[in-house]
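Peer 1: sequence and predicted structure, then a few things I'm wondering about:
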Amino acid sequence: MQTITIDGFNLTAQQVVNVSRAPLLKVALADSSRAALKQSRDYIESTWMHDEAPMMYSFNTGVGLLKDTRIKVEHIELFQTQLIRAHSAGIGEPFSEEVSRATMLLRANAFASNYSAPRVEVVDRLLAFIN
């Protein structure tokens, strides 16, 4: 079985099409991306996870009109859950499986670049859905 390895930088349009159309095609996270994500997350956990940390939009602040409102560390998990729920509404017919698979792959690949520094578990979960 063929596996495509993503690192945030080398995914091609053809690979996206192939993954979206071939449910048996597997996707994996590159070891280099996995290590970089862990290193970034460790830095965030040790440097930013306290209430005196500088304010960073949507990380420890609200969004939109609440961009200047600090979210205390003890409330960050709840804030993130509520933010996802607030954006989980839609109208119209659901996307096709192909579009959903391509979208999850593109999001996982963007996360793999490590510009957003998500937990590696977020990328792993997206890949589990695809696989």
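Peer 2: Perfect, I can see it now. Residues are numbered from 1 along each chain as shown.
Peer 1: from now on I want contacts and neighbour counts done on CA atoms only, so please keep to that.
Peer 2: Will do.
Peer 1: outside of the helix or strand of the chain with the lowest mean pLDDT, which residues touch it?
Peer 2: Within the chain, no helix or strand scores below helix 73-86, which has a mean of 92 by mean pLDDT, DSSP states H and E. Residues outside helix 73-86 that contact it (Cα atoms under 8 Å, 6 or more residues apart in numbering): 49-51, 59-60, 71.
Peer 1: which one of the residues you listed sits closest to Ala117?
Peer 2: Phe59 (11.0 Å; Cα to Cα).
Peer 1: the closest one: which element?
Peer 2: Using DSSP states H and E, Phe59 sits in no helix or strand.
Peer 1: burial of it, as a residue count?
Peer 2: Residues near Phe59, counting by other Cα atoms under 10 Å, number 17.
Peer 1: strands of this protein, residue ranges please.
Peer 2: All strands of the chain, identified by DSSP state E, fall at 3-6, 26-29.
Peer 1: what pairs with the last one, parallel or antiparallel?
Peer 2: Taking DSSP bridges as the criterion, strand 26-29 pairs within the sheet with strand 3-6 (parallel).
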